[in-house]
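*Asks:* Below is the sequence, then the predicted model.
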Amino acid sequence: MSDWAGEDADAAFVERRQRWQEHACVFAPVPMWWPWPLERVTVDDGDPDTGLVVVDLEPFLWPGETCADAGRPHAKLVRRRHGEPPYAYGWPGLARMTTEDIAALDEQGEEPELTPVFVHDWQDGRWQWTVFICGVRELTDTELSRIRQKLDPDYQLPQDVSSFRPWA
């Protein structure tokens, strides 16, 4: 079953996050172009031992505006080593849930929010990359190509900073 929920997944997340925060500075992948305005880029998860980094891409929304209203969904950019299992913590895990996973959660009395999650995968010489888009729309091939071309794979965040506005 997917790791999108559960005590084991939560404990693993907390442990990874503690190890990640022990580093003086963080190098994280940051898209230097995005198809809609972003409010904030945040390092959401990471494992310094494997190189896993999950970057949350929060869309700019006016007060009271929803992602659906604006047509600007939340997104996550995930970098992991080749051969590592797909990232499935939190809402990105919904993208990889099978009907059996959903049925098992229903039997446990848990009802996952079944918002569509669009997945865009690619590989380069060293990493497996995934962009998860939550519900409103998926990326076009042209948008994905431009993101890949303008991706800074090792953007250095200042010490003790895990959330920033790169274009402000």
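*Replies:* Thanks, I have it.

*Asks:* in the chain, which spans are helices?
*Replies:* Assigned helices in the chain, in chain order: 7-21, 67-70, 99-107, 141-149 (criterion: DSSP state H).

*Asks:* Could you pull up the mean pLDDT of the top strand by length along the chain?
*Replies:* The strand that spans the most residues within the chain, counting by DSSP state E, is strand 38-47. The predicted model gives strand 38-47 an average pLDDT of 85.

*Asks:* What strands line up against that strand, and which way round?
*Replies:* Each strand that strand 38-47 pairs with, and the sense of that pairing, follows from DSSP bridges: strand 52-59 (antiparallel), strand 163-164 (antiparallel).

*Asks:* is it possible to export the ones you listed to TSV including mean neighbour count?
*Replies:* (C-beta placed from N, C-alpha, C; glycine too.) TSV is the format used below for the strands paired with strand 38-47 (neighbours: other C-beta atoms under 10 Å):
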stretch	mean neighbour count
strand 52-59	21
strand 163-164	14
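
*Asks:* and Trp122, which of these is closest to it?
*Replies:* Smallest distance to Trp122 across the strands paired with strand 38-47 (C-beta to C-beta): 15.4 Å, for strand 52-59.

*Asks:* quick one: the spatially most central residue of the chain and Cys134, what's the gap?
*Replies:* For the chain, the residue lying nearest the average C-alpha position, counting by C-alpha atoms, centre = their mean, turns out to be Lys76 (2.4 Å). To Cys134, Lys76 is 8 Å away according to C-beta to C-beta, to the nearest Å.

*Asks:* again, but for Asp154
*Replies:* For Asp154, the distance to Cys134 equals 26 Å [C-beta to C-beta].

*Asks:* go on, Gly125?
*Replies:* Going from Gly125 to Cys134 by C-beta to C-beta gives 29 Å.

*Asks:* Next up, the contacts around Tyr155.
*Replies:* Under the criterion of C-beta atoms under 8 Å, 6 or more residues apart in numbering, the neighbours of Tyr155 are Phe27, Ala28, Pro29, Val30, Pro166.

*Asks:* count of neighbours near the fourth one?
*Replies:* Read that as Val30. 21 (other C-beta atoms under 10 Å).

*Asks:* got it, and Ala70?
*Replies:* Here the count is done by other C-beta under 10 Å, and Ala70 has 15 residues near it.

*Asks:* Skipping adjacent residues, who's closest to it in space?
*Replies:* Leu61 (5.5 Å; C-beta to C-beta, 6 or more residues apart in numbering).

*Asks:* So that neighbour versus Asp69, what's the distance?
*Replies:* For Leu61 relative to Asp69 (C-beta to C-beta), the value is 8 Å.
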